[in-house]
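structure for this input, please:
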Amino acid sequence: MSLTGTVHDFMTDPYSTYRALNAEAPLTPVGPAEYVVTDPALIFEILEDHDKYTSVHNLEGHVPVCDEARAILDDTLFYRTALFNEPPPAHSAFRKTFIRPFTPAAVDRLAPKIRDVATGLCGDLTGRNAFDVMGELAYPLPIKIISDMIGIPEDDRAQVKQWNDLWLALQVAPLPPEQQTQAAGSVRAYDDYVRDLIAKIRAERRPSLILEMADAIGTPGAVHEVDDIIVAIRVMIAAGHETTSGLIGNAVARLIETGRWDRLAGDPGAIPDFVEETLAADPSVQSTPRSVEEETVIRGVTVPAGARLHLAIGAYPLLAGPNGTTADPMAGGHKHIGFGHGIHRCVGSHLGRVEARLALAALLEAVPSAPRFDEAAPPERLPGGYVFRAFSSLPIRW
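Numbering: from 1, shown residues only. Next up is the predicted model:
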């Protein structure tokens, strides 16, 4: 079986595809020097061996780009390696420059603000009988929180999101050449904007994550420059927004599909466990890439140097047996690697959890009765679905 042969069904139900792929082999070739890895034990093995299987090429894009777009991108930071994708010691040194706001203690202090934002976004639904989960809650909540942390002015956020969406599209979507060229031009504008923002924040001494990272340049043990901050900020916006938006939408859809809205509304203390259930059953991040440094034999398959392995995060809970490892210490009784595993595990995992929990709590409180999907405007998923699994729209009615 090949992934391309099932692509039309994949967006609806990727998990049947994972079962079928894994029944034939633990890793499946899906293109020239590209493989999908579905076996849970093998996924763990690869995630834990960052010497043989590297992350340094993760941001170089998953799809080929046309020559015109490539020429533009070569003059930007698109192909610059993110330091947090490097192996230690560079990885560890750079991570120290931005870890503080993402620690559990810091996020817990931020929780009242997140709750207020979520409650305000849900608003008073008296007199209404419909709500756009993605447009009114799942998108705006995490983009506001991560933008506030980073230091992006409110007036700039719509433009930054547009730039970030185009940058992500170049990473994962097979765009037509003219759209690739347009998106490549936006990467240059995005680079320039963040560079100017860093300079402005440093001059104004405005408290923010950018200031902390900029102030660390040149200090003992620091390994980064301004260009590394630009790359990191771009990834943080995407990781701190897209993944959490998708998680919130997937959780709401799961509540409706399983008929458990009223039960969870009556027992808000169970919301954290439901978020972990969603991370296991329908995670917003379905795969993470690793590249093979040298030709190697993996489970009897000779994999050439430079090959890309797509580790199916979404397959792990489904296929891990009863004795499988619960990778995430915060997952409770749910096996999942929804935030990754190993040294490159998502630094914002606690923030994503708290945002999803408080978004669900606010929505459960605001909606007056158990909702249903809007028959006139059914939910729509973002195209593709192999890297991110999320809704583009999720209207509900009651």
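
can you give me how far the helix or strand containing residue 161 is from the chain middle?
Residue 161 belongs to helix 157-172 when assigned by DSSP states H and E. For helix 157-172, the separation from the chain centroid amounts to 13 Å (computed by Cα atoms, centre = their mean, to the nearest Å).

that one packs against which elements?
helix 140-150, helix 177-204, helix 226-257 (3 or more Cβ pairs under 8 Å, 6 or more residues apart in numbering; DSSP states H and E). Glycine gets a C-beta too; all of them are placed from N, C-alpha and C.

what's downstream of the last one, the next helix or strand?
As assigned by DSSP H and E, the chain's next helix or strand after helix 226-257 is helix 261-265.

got the buried residues for stretch 119-131?
Residues 119, 121, 122, 131 are the ones in stretch 119-131 that count as buried (16 or more other Cβ atoms under 10 Å).

typo on my end, stretch 178-191
Result for stretch 178-191 [16+ other Cβ under 10 Å]: buried residues 179, 180, 181, 183, 184, 186, 187, 188, 190, 191.

got the residues you listed as a markdown table, with distance to residue 340 columns?
Compiled in a markdown table, the buried residues of stretch 178-191 are given as follows (distance: Cβ to Cβ, whole Å):
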| residue | distance to residue 340 |
| --- | --- |
| 179 | 30 |
| 180 | 28 |
| 181 | 32 |
| 183 | 26 |
| 184 | 28 |
| 186 | 28 |
| 187 | 25 |
| 188 | 30 |
| 190 | 25 |
| 191 | 26 |
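
for the spatially most central residue of the chain, give me its contacts.
The centroid of the chain falls nearest to residue 243 when counting by Cα atoms, centre = their mean (3.3 Å). Applying Cβ atoms under 8 Å, 6 or more residues apart in numbering, one finds that residue 243 lies in contact with 284, 285, 346, 352, 388.

so residue 383 sits in a strand?
No. Counting by DSSP: H, G, I helix; E, B strand; the rest coil, residue 383 is located in no strand; its state is coil.

what about it, neighbour count?
12 (other Cβ atoms under 10 Å).

also residue 75?
Neighbours around residue 75, by other Cβ under 10 Å: 11.

for it, give its distance to residue 86.
Distance, residue 75 to residue 86, by Cβ to Cβ, to the nearest Å: 23 Å.

now the strands for this structure?
27-31, 34-37, 53-54, 130-132, 287-292, 296-298, 301-303, 308-312, 372-373, 380-381, 391-393, 395-397 (DSSP state E).

what angle do the longest one and strand 308-312 make?
Just to be clear, that refers to strand 287-292. Going by axes from the mean of the first three to the mean of the last three Cα atoms, to 10 degrees, strand 287-292 is angled at 150 degrees with respect to strand 308-312.

check which helices and strands strand 287-292 sits against.
So strand 287-292, by 3+ Cβ pairs under 8 Å, 6+ apart, packs with helix 40-48, strand 53-54, strand 308-312.

dump the ones you listed to TSV, plus distance to residue 67, mean neighbour count and mean pLDDT.
TSV is the format used below for the helices and strands packed on strand 287-292 (distance: least, Cβ to Cβ, whole Å; neighbours: other Cβ atoms under 10 Å; pLDDT from 0 to 100):
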stretch	distance to residue 67	mean neighbour count	mean pLDDT
helix 40-48	33	19	93
strand 53-54	27	20	94
strand 308-312	21	24	94
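
got TSV for these, with distance to residue 111 too?
Output for those, formatted as TSV (distance: least, Cβ to Cβ, whole Å):
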stretch	distance to residue 111
helix 40-48	29
strand 53-54	35
strand 308-312	31
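
between these, which gets nearest to residue 81?
When these are compared by Cβ to Cβ, strand 53-54 sits nearest residue 81, at 9.8 Å.

give the other helices and strands that the closest one contacts.
strand 287-292.

buried set for the strand it packs on?
Buried residues in strand 287-292 (16+ other Cβ under 10 Å): 287, 288, 289, 290, 291, 292.

many thanks, I have nothing further to ask.
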